[in-house]
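**Q** pasting a predicted model and its sequence here:
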Protein chains: 2
Amino acid sequence: MDESYRPAAGRSNQANESVTLEDVARLAGVTAMTVSRALKRPELVKEETRQRVLDAVQATGYVPNMLAGALATNKSHLVALLLPTIATSIFTDMVQAMMSTLAASGYQTLLGLTDYLRDREEQIVQTLLGRRPDAIVLTGTDHSAITRDRLLKTKVPIIEIWDLTDDPIDMLIGFSHEAVGRAVARHLLDKGYRRFAVLSADDPRGLRRSGSIVEELKRHGVHDVPMEVLRAPATLQTGREGLVRLLEKGLPDVIACSTDTLAQGVLAEAARRGISIPREVAVMGFGDLSTAAHVHPALSTVRIDGAAIGKLAAEALLRRLDGKEQAPAALRVDTGFTIVDRESA
Amino acid sequence: MDESYRPAAGRSNQANESVTLEDVARLAGVTAMTVSRALKRPELVKEETRQRVLDAVQATGYVPNMLAGALATNKSHLVALLLPTIATSIFTDMVQAMMSTLAASGYQTLLGLTDYLRDREEQIVQTLLGRRPDAIVLTGTDHSAITRDRLLKTKVPIIEIWDLTDDPIDMLIGFSHEAVGRAVARHLLDKGYRRFAVLSADDPRGLRRSGSIVEELKRHGVHDVPMEVLRAPATLQTGREGLVRLLEKGLPDVIACSTDTLAQGVLAEAARRGISIPREVAVMGFGDLSTAAHVHPALSTVRIDGAAIGKLAAEALLRRLDGKEQAPAALRVDTGFTIVDRESA
DNA sequence: CTGTTAGCGCATTCAC
DNA sequence: GTGAATGCGCTAACAG
């Protein structure tokens, strides 16, 4: 008989116990291709056979192997998301929004944490590229030369978020940290504060915000603003320490913090010391919209809309990936920020 | 000449522009197999050719395709991590610890957010299984029947974390939420409080902690403890709302919250209303060790060590995956918790 | 509407 | 030390 057929004899205990298309096909009395179609393009398959296939899938507990699928189609349905850290609440809204938008379109998220380290980012980009993600999201715009290079060569859509720059790798969605700093300085000056202090985590963007506050103050004739820089990621504990150190330099009118978390730490320590906020010292924070909403009635803060960034980014990617948009003009969105003043709210 | 060689003519513009082993091999004047060896098992390759290969890799910008690698070896080096949400700080330490431990051994993390929904979890498990992860980490032990079933059939190592149960799917690392509730109740009773109130988010484990507090109080003769249940995930804002609602029922001695975040919201609202903490009302929280350390000098809380859970889980998985341990006795770890009393600290 | 052929990129298993 | 053959599980492209 037909010896060219080798009816899968003796393959029963392969190392890999997983059910394949072939297995389902055999049970349904069709070929693998038909099973594949029944699952992915049901409209191409007769209703009756489709039913048989579905039953077979059910019976075998078949779960499509997306590794194989991705290899064959050159589409992984994976998005790589690089984040400095999740130990700070600042990014969580963004992540949540992005992931759920992506998930709704069948994309999964591969996470990489860089710890604010360029070298780490470089290494993670390298490994994540090995997964052939359909898109890459980077937090920030400051990357190692090698990272930039690798990414520029790639055809995968890339979005840098959470910052602005004149030469993005590809798409860009964020806001200007310098603008935030300047706005904070002017806002506080307008409110009549004169004795300033700045508390900052030592992450690159936090430092830029804080630095811009100091510069803008200088431009308005306020010099020698005391500034304490603390190790990122910012925690409540470091915020408390920060206040302690600032107080050694005298009591200011207002303390501008690079992050809401630091600001909360300051509030906690102030409470312990019986310092009244904002009567004796006002506190200004910076952070994400919803998570930290209503942090404290006495805390003024700069609000950015992380969820919006995440959603916008995801949508831009999906537009590109679904082929609606082939090589769009470089997307660039300034999502801006809002100063929330508790006293005048 | 040698016509059996088909020097890759006309393949220049495949859909997929990516460099393959073959491309590197050609440039280095060896076969793909040798390149593969030079990269993964360098000791099997002559130093000189290894160097040539490495140069070729450099020149071409080759990045190994892990989809193909995973398909061939049936090892994805991927760990699926299912989490209710990251919008709340409670899990962040755990995630950070787990991811960095895994990353150090070359494993990447695929994240799935369930929003505390069993059906969502079911769906996510299904899709993530398609990536053929080498291990799966689930938060909690309460899964849909289908999820349990699918997971029991799989040979992939599975760890359930953040809870305890008598019939884990596989490995288990966590603590008892009932024990937490009972301990909180007894602790507060010992300290002399008599007029209790409970504030809880409506996530399953939070409810169990809060429920256990109420039960234990009842067992000690304290009945009719007012309890407000708020929508998960808990935010500062919901914490503030919670206090408002509780106050309508009268001022208690102490408020036990299902989460530090809720507790902080209570503190913020209390500050706004000029209620002195802990003099007029004491507040008790629950949360993760390091992130929220020193939340507030006046806040007592139950501490769990999320980082430890993450690290333990990752290490247990790695032990299994690296083959040191084939079919170990079921791992079961109670990581316990600590009551931190601010007044007596 | 369904089947056949071929190949995605890599690694295992023999040869040499 | 290195090469050749083969297959991982799936799907594009073409037949019929």
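**A** Sure, I can see it. Numbers count the residues shown, from 1 in each chain, chains lettered A, B, ... in the order given.

**Q** surely residue A:176 touches residue A:334?
**A** Yes: here residue A:176 reaches residue A:334: they are 7.1 Å apart, a contact under CB atoms under 8 Å. Where C-beta positions appear, they are placed from N, C-alpha and C, glycine not excepted.

**Q** more neighbours: which of the two?
**A** residue A:176 (18 against 12; other CB atoms under 10 Å in any protein chain shown).

**Q** from residue A:164, how far out is the more buried one?
**A** 5 Å (CB to CB, to the nearest Å).

**Q** now do the shared contacts for those two.
**A** Common neighbours of residue A:176 and residue A:164, using CB atoms under 8 Å, 6 or more residues apart in numbering or on different chains, are residue A:334.

**Q** contact partners for residue A:86?
**A** Contacts of residue A:86 by CB under 8 Å, 6+ apart are A:92, A:95, A:113, B:86, B:92, B:95, B:96.

**Q** just give me the closest of these to residue B:65.
**A** Among the contacts of residue A:86, residue A:113 lies closest to residue B:65 (CB to CB), at 23.3 Å.

**Q** right, and the closest one touches residue B:92 too?
**A** No: between residue A:113 and residue B:92 there is no contact under CB under 8 Å: 10.6 Å.

**Q** and these two? which has more neighbours close in?
**A** When neighbours are counted by other CB under 10 Å, residue A:113 and residue B:92 differ, and residue B:92 comes out ahead with 25 against 22.

**Q** that one sits in which helix or strand?
**A** helix B:92-104 (DSSP states H and E).

**Q** give me the contact list for that helix.
**A** Applying CB under 8 Å, 6+ apart, the set of residues contacting helix B:92-104 is A:85-87, A:89, A:92, A:111, A:113, B:79, B:81, B:83, B:86, B:108-109, B:137, B:161-162, B:288-291, B:306-311, B:313-315, B:317-318.

**Q** helices along chain A, start to end?
**A** Assigned by DSSP state H, chain A shows helices spanning A:21-28, A:32-40, A:47-60, A:66-73, A:92-104, A:118-130, A:145-153, A:177-190, A:204-219, A:236-248, A:260-273, A:306-321.

**Q** report the backbone C-alpha coordinates of the second one in CSV.
**A** If I follow you right, that is helix A:32-40. Extracted in CSV, the C-alpha atoms of helix A:32-40 (Å, rounded to 0.1, in the frame of the first residue of the first chain):
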residue,chain,number,x,y,z
ALA,A,32,-4.2,20.0,9.9
MET,A,33,-4.7,22.9,7.5
THR,A,34,-8.5,22.6,7.8
VAL,A,35,-8.2,22.7,11.6
SER,A,36,-6.1,25.7,11.3
ARG,A,37,-8.7,27.4,9.1
ALA,A,38,-11.6,26.4,11.2
LEU,A,39,-9.9,28.1,14.1
LYS,A,40,-8.6,31.2,12.4
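
**Q** now the angle from it to helix A:21-28?
**A** 90 degrees (axes from the mean of the first three to the mean of the last three CA atoms, to 10 degrees).

**Q** now the terminal residues of stretch A:275-289, how far apart.
**A** 27 Å (CA to CA, to the nearest Å).

**Q** my bad, should have said stretch A:68-80
**A** 19 Å.

**Q** before we move on, the earlier item: what touches both of residue A:176 and residue A:334?
**A** Residues touching both residue A:176 and residue A:334 by CB under 8 Å, 6+ apart: residue A:164.

**Q** can you name the residue of the stretch 101-250 of chain A nearest to DNA strand D?
**A** Closest residue of the stretch 101-250 of chain A to DNA strand D, CB to the nearest atom of the strand: residue A:106 (12.1 Å).

**Q** tell me the pLDDT of the nearest residue to that residue once chain neighbours are set aside.
**A** Using CB to CB, 6 or more residues apart in numbering or on different chains and skipping the chain neighbours, the partner closest in space to residue A:106 is residue A:77 (5.8 Å). You'll see residue A:77 listed with a pLDDT of 97.

**Q** same deal with residue A:298?
**A** 73.

**Q** chain center to stretch A:310-326: distance?
**A** Here stretch A:310-326 is found 16 Å from its chain centre; the criterion is CA atoms, centre = their mean, to the nearest Å.

**Q** I misspoke; the intended subject was stretch A:245-253.
**A** Using CA atoms, centre = their mean, the offset of stretch A:245-253 from its chain centre is 35 Å.

**Q** ok, residues contacting that stretch?
**A** Contacts of stretch A:245-253 (CB under 8 Å, 6+ apart): A:193, A:194, A:195, A:196, A:197, A:199, A:226, A:228, A:255, A:280, A:281, A:282.

**Q** would you mind listing which of these are buried?
**A** A:193, A:196, A:197, A:199, A:226, A:228, A:255, A:281, A:282 (16 or more other CB atoms under 10 Å in any protein chain shown).

**Q** can you lay out these as JSON lines showing pLDDT?
**A** Shown next, in JSON lines, are the buried ones among the contacts of stretch A:245-253 (pLDDT from 0 to 100):
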{"residue": "A:193", "pLDDT": "95"}
{"residue": "A:196", "pLDDT": "97"}
{"residue": "A:197", "pLDDT": "98"}
{"residue": "A:199", "pLDDT": "98"}
{"residue": "A:226", "pLDDT": "97"}
{"residue": "A:228", "pLDDT": "97"}
{"residue": "A:255", "pLDDT": "97"}
{"residue": "A:281", "pLDDT": "94"}
{"residue": "A:282", "pLDDT": "94"}
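
**Q** how about TSV for the contacts of residue A:86, with pLDDT and distance to residue A:260 added?
**A** Listed next are the contacts of residue A:86 as TSV, based on pLDDT from 0 to 100; distance: CB to CB, whole Å:
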residue	pLDDT	distance to residue A:260
A:92	90	12
A:95	96	17
A:113	97	20
B:86	90	17
B:92	91	15
B:95	96	20
B:96	94	19
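
**Q** so which of those would you say is closest to DNA strand C?
**A** residue A:113 (24.8 Å).

**Q** let me see the contact set for the closest one.
**A** Per CB under 8 Å, 6+ apart, neighbours of residue A:113: A:82, A:83, A:84, A:85, A:86, A:124, B:96, B:99, B:100, B:103.

**Q** neighbour-wise, give me the winner out of the residues you listed.
**A** residue A:83 leads the contacts of residue A:113 on contacts (other CB under 10 Å) with 25 neighbours.
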